[in-house]
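1. Sharing a sequence plus its predicted fold:
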Amino acid sequence: MLLNELRPPKGAVKNRKRLGRGESSGQGKTSGRGHKGQKARAGGFHKKGFEGGQMPLQRRIPKRGFYSFNGREYAVVNVGDLARFQANSEVTAAVLKEAGLVRKILDGVKVLGDGAIDRPLTVKAARFSETAKQKIEKAGGKAILEGAQEGI
């Protein structure tokens, strides 16, 4: 088979409607646009949401909230959840995901201070709350900042 022998499959190509080619074509005279009116004219369609000059609905309703384009979303874990790991083990985002404490790692893991911890652990995360850091270090462990979020 050569390039010049390639053809589209049967039924894949339809003929275009030839508008304005006489009454007997079925698309003559007004060419399927009806009589007069904005939609019958060239360039006669308006933009999405246009309401004939009336203030459009999307501009009338009050706007609320804010979405930061530079915002980061962290997967959250509490200190109390870390008690399931063995003493002196290293806890990272991958380990937390494997244990089922985190569904998605997102922009990193943030450890919060809810709950208690009674064993020394080396916890590597993108963020720590102050109370979480204090509780981990008080139990004899280490709270280490990990990933690109260190300088932020």
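-> Arrived safely.
2. Need the per-residue pLDDT for the spatially most distant residue from the centre of the chain.
-> If you look at how far each residue of the chain sits from its centre, by CA atoms, centre = their mean, the farthest one is residue 24, at 52.5 Å. If you check residue 24, the pLDDT there is 90.
3. Based on its surroundings, how many neighbours for the closest residue to residue 146 other than its chain neighbours?
-> Counting by CB to CB, 6 or more residues apart in numbering, residue 124 is the residue found nearest to residue 146 once chain neighbours are left out, at 4.1 Å. (Glycine included, C-beta is placed from N, CA and C.) Neighbourhood size, residue 124 [other CB atoms under 10 Å]: 20.
4. just to revisit the earlier point, helix/strand/coil for the residue farthest from the centre of the chain?
-> helix (DSSP: H, G, I helix; E, B strand; the rest coil).
5. ends of stretch 110-128, how far apart?
-> Terminal residues of stretch 110-128 lie 6 Å apart, using CA to CA, to the nearest Å.
6. which residues are in contact with that stretch?
-> The contact list for stretch 110-128, computed with CB atoms under 8 Å, 6 or more residues apart in numbering, reads 74-83, 85-93, 107-109, 129-136, 139-147, 149.
7. Buried subset of the residues you listed, written for PyMOL?
-> Buried residues among the contacts of stretch 110-128 (16 or more other CB atoms under 10 Å), as a PyMOL selection:
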select buried, resi 74+75+76+77+78+79+81+82+85+91+92+93+107+108+109+129+132+133+135+136+139+141+143+147+149
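8. Might you specify the subset of the contacts of stretch 110-128 located within helices?
-> 93, 130, 131, 132, 133, 134, 135, 136 (DSSP state H).
9. ok, now which ones touch the last one?
-> Counting by CB under 8 Å, 6+ apart, residue 136 touches 79, 82, 111, 117, 121, 123, 128, 142, 143.
10. Next, the third one: secondary structure please.
-> In other words, residue 111. strand.
11. Contacts for stretch 26-42, please.
-> By CB under 8 Å, 6+ apart, the list of residues contacting stretch 26-42 reads 17, 18, 19, 20, 21, 22, 23, 44, 45, 46.
12. mind running it again at 7 Å?
-> 17, 18, 19, 20, 21, 22, 23, 44, 45 (CB atoms under 7 Å, 6 or more residues apart in numbering).
13. Who are the contact partners of the first one?
-> Think residue 17. residue 27.
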